[in-house]
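Asker: quick check, what structure comes out for this input:
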Amino acid sequence: MVCLRGKSPLGVHALVCVFFSVMAATLATAQTAVTTYHNDNYRTGWNSTETTLTPTNVGSKNFGLLGTVTLDDQVDAQPLIVPGVTITAGTHQGVHDVVYVATENNSVYAIDADKGTILLKRSLGQPVTYPLGCGNNGPNVGINSTPVISTSSNILYVMVYTQGAKAPAYHLHALDLGSLTDKLTAQLVTASHTLSDGTAFIFNAKYQRQRPALLLANGNVYAGFGSFCDISANHSRGWLLGWNATTLAPLTANRLNDTQATSPDTFFLSSIWMSGYGPAADDSGNILFVTGNSDPSGNTYDGVTNIQESVVKVSSDLTTMLDIFTPSDWGTLDMQDNDYGSGGVLVLPDQPGSITHLAVAAGKEGNMFFMNEDDLGGYSSTGNNVLGTYRVGGCWCGQSYYVDPTDGVGRVVTSGGNTVGSWKVQTSSTPSLTNVSNAGITAGGQDPGFFTSISSNGTANPIIWALGRPASQASDTVYLYAFNPDAGGSNMTQLFQGAAGTWPNIGGNSNLVPVVANGKVYVATNKTLKVFAVK
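Answerer: Model prediction:
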């Protein structure tokens, strides 16, 4: 502890002593950055370096809302956090721990992660209002996906949707973390792919929605594209595009999930949307994602020219589809608009046992498929060649992962329906999942499912954080929950529930993710960022 000496009153001396002791403790503790959606490229959602928040203090009356920051529009993107950023522009220059938030008004904010001060704000153009008349994330669609940060390059990559004089357009920006100015010339998103009849299909931003979080891997930035409410499905198809992270030059190859020239209902899609979940990358740099529905005739899948309703693995240069898993009932899913691709794919960290690489993904139908990531399972009309199929409830959602201290074994955390579930990863003999504990949240105002994050100190003191959607059509309040998965028995203990913002757009799902870092929980909703902590 350091105290100033002099003629100041005792109270001032005491205040200064406390300030410096807190600052010294902060400096002595390594700060955690959250630079990508769900914490890492596996998409585990796990921060294993949280030394402050524990089940004891989160479950006490001292944990709650610390402050609120007002923003200019709805936030669909997950906040990102970088400690020790040197802010070089504006009136708050100097070193700050920063939370970056992007809104649908095409605004990027740099906010002091401790004080809530808006350090910088960059406006990146006019958003598109109700594109194609689609209202499920309106009224504005601007920055819809979660950006990604390279701390080595000091760059925040963000995909911006703007209304031009003649037509909407996407631009990929590379913003300096300290000034929010462009470090590279923004790249207009363009692409072309050859269809099965030899004609060219041209990317058209008017019909393509960039909702999944960006992925930074292999020295590239990747983005998935889908549709606006399945409107103009004759023009919209699922794309995966990539750009060199150093130059923003587009990769030579791209992926188009439906390359068929015709379909019975002139309806294509096979979108990548995943309720905002980001494409994942495995240890080899391969990219994994899940696709949605295609033609409602239910007869256009062939696993080559159309890869709807599937978990797909492609090479890092996007030239090759390496593997696929398609549920046997894909035709029914297509006919009922029951997308498997309403959820993302989680790649588990390496596991012990004979099958070290595993993955899970669930969708609208409510089945979570447990897969060998080195052999996803392909397609069979008579069954699903996967390690296991588990009911988790309708999943407009994505899974999380952590290692539990009770046995040192991994857990998959599900959030289908209105239930949080913890599933033990059994690796001996044939890998499987065993449900060990559950908890419910208040839900019902929107599609089933929600998103979770995990905090722990190593494997000690795990906490499952969940961010529900509006509880009913009559209430637009969004609640933050915290659960102790190891309280004993099959029921998790609820540690906390608190209002964390509002979501007036009941017709469009709040695909929001709580972010936990450095003793605080950050929740961005409609026009606000709320910060929770032990007070």
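
Asker: could you use CA atoms for every contact and neighbour count after this?
Answerer: Noted.

Asker: quick check: Leu214 touching Tyr277?
Answerer: No. Between Leu214 and Tyr277 there is no contact under CA atoms under 8 Å: 9.1 Å.

Asker: got any residues that touch both of these two?
Answerer: In terms of CA atoms under 8 Å, 6 or more residues apart in numbering, Leu214 and Tyr277 are both contacted by the residues Tyr37.

Asker: so for those two, which sits in the more crowded spot?
Answerer: Tyr277 (34 against 27; other CA atoms under 10 Å).

Asker: distance of that one relative to Met335?
Answerer: Using CA to CA, to the nearest Å, Tyr277 is found at 24 Å from Met335.

Asker: do the same with Ser456
Answerer: Distance, Ser456 to Met335, by CA to CA: 42 Å.

Asker: so for the two, which sits in the more crowded spot?
Answerer: Using other CA under 10 Å as the criterion, Ser456 and Met335 rank with Ser456 on top: 25 against 16.

Asker: which SS class is that one?
Answerer: Assigned by DSSP: H, G, I helix; E, B strand; the rest coil, the conformation of Ser456 is strand.

Asker: just the pLDDT for it.
Answerer: If you check Ser456, the pLDDT there is 98.

Asker: now do the same contact list for it.
Answerer: By CA under 8 Å, 6+ apart, the residues touching Ser456 are 46-51, 53-54, 462-463.

Asker: what does Gly116 give?
Answerer: So Gly116 contacts 67-69 (CA under 8 Å, 6+ apart).

Asker: again, only using 7 Å
Answerer: Val69 (CA atoms under 7 Å, 6 or more residues apart in numbering).

Asker: would you mind measuring from it to Leu180?
Answerer: Looking at Gly116 against Leu180, where the rule is CA to CA, the gap reads 18 Å.

Asker: list the buried ones in stretch 343-363?
Answerer: Across stretch 343-363, burial judged by 16 or more other CA atoms under 10 Å covers 343-349, 351, 355, 357-363.

Asker: so which of those residues belong to strands?
Answerer: Mapping the buried residues of stretch 343-363 onto strands (DSSP state E) picks out 345-347, 358-362.

Asker: first to last residue in stretch 99-117, what's the distance?
Answerer: Distance between the two ends of stretch 99-117: 10 Å, counting by CA to CA.

Asker: just say helix, strand or coil for Gly125.
Answerer: Put simply, Gly125 is coil when judged by three-state DSSP.

Asker: strands of the stretch 101-250 of the chain, start to end?
Answerer: 107-112, 118-123, 128-129, 140-141, 148-150, 155-163, 168-176, 187-188, 192-194, 200-202, 215-217, 220-225, 239-244 (DSSP state E, counting those that start in this stretch).

Asker: Trp396: which of these is closest?
Answerer: strand 220-225 (16.8 Å; CA to CA).

Asker: contacts for that closest one, please.
Answerer: Where contact means CA under 7 Å, 6+ apart, the residues beyond strand 220-225 that reach it are 208-212, 214-216, 238-245, 271-273.

Asker: now it: average pLDDT?
Answerer: Throughout strand 220-225, pLDDT has a mean value of 98.

Asker: so what strands line up beside it?
Answerer: Note on strand 220-225: by DSSP bridges, its sheet partners are strand 215-217 (antiparallel), strand 239-244 (antiparallel).

Asker: possible to save the ones you listed as CSV with mean neighbour count, mean pLDDT and distance to Gly377?
Answerer: As requested, those are exported to CSV (neighbours: other CA atoms under 10 Å; pLDDT from 0 to 100; distance: least, CA to CA, whole Å):
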stretch, mean neighbour count, mean pLDDT, distance to Gly377
strand 215-217, 24, 98, 24
strand 239-244, 23, 98, 22
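
Asker: now the ones you listed as JSON lines including distance to Ala223?
Answerer: Below are those laid out as JSON lines (distance: least, CA to CA, whole Å):
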{"stretch": "strand 215-217", "distance to Ala223": "7"}
{"stretch": "strand 239-244", "distance to Ala223": "5"}
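
Asker: mind listing what's buried along stretch 51-66?
Answerer: 51-55, 58-59, 63-66.

Asker: I meant to write stretch 90-107 there.
Answerer: If you call a residue buried by 16+ other CA under 10 Å, then stretch 90-107 has these buried ones: 96-107.

Asker: which one of the residues you listed is nearest to Ala169?
Answerer: Closest approach between these and Ala169, by CA to CA: Asn106, at 12.6 Å.

Asker: quick one, phi/psi of the residue nearest to that closest one when sequence neighbours are not counted?
Answerer: Nearest non-adjacent residue to Asn106, counting by CA to CA, 6 or more residues apart in numbering: Gly142, 4.8 Å away. Torsion angles at Gly142 (phi, psi; degrees, to the nearest 10) stand at phi -130, psi -90.

Asker: do you know how far Gly142 is from Val128?
Answerer: Distance from Gly142 to Val128, by CA to CA: 6 Å.

Asker: cool, thanks, signing off.
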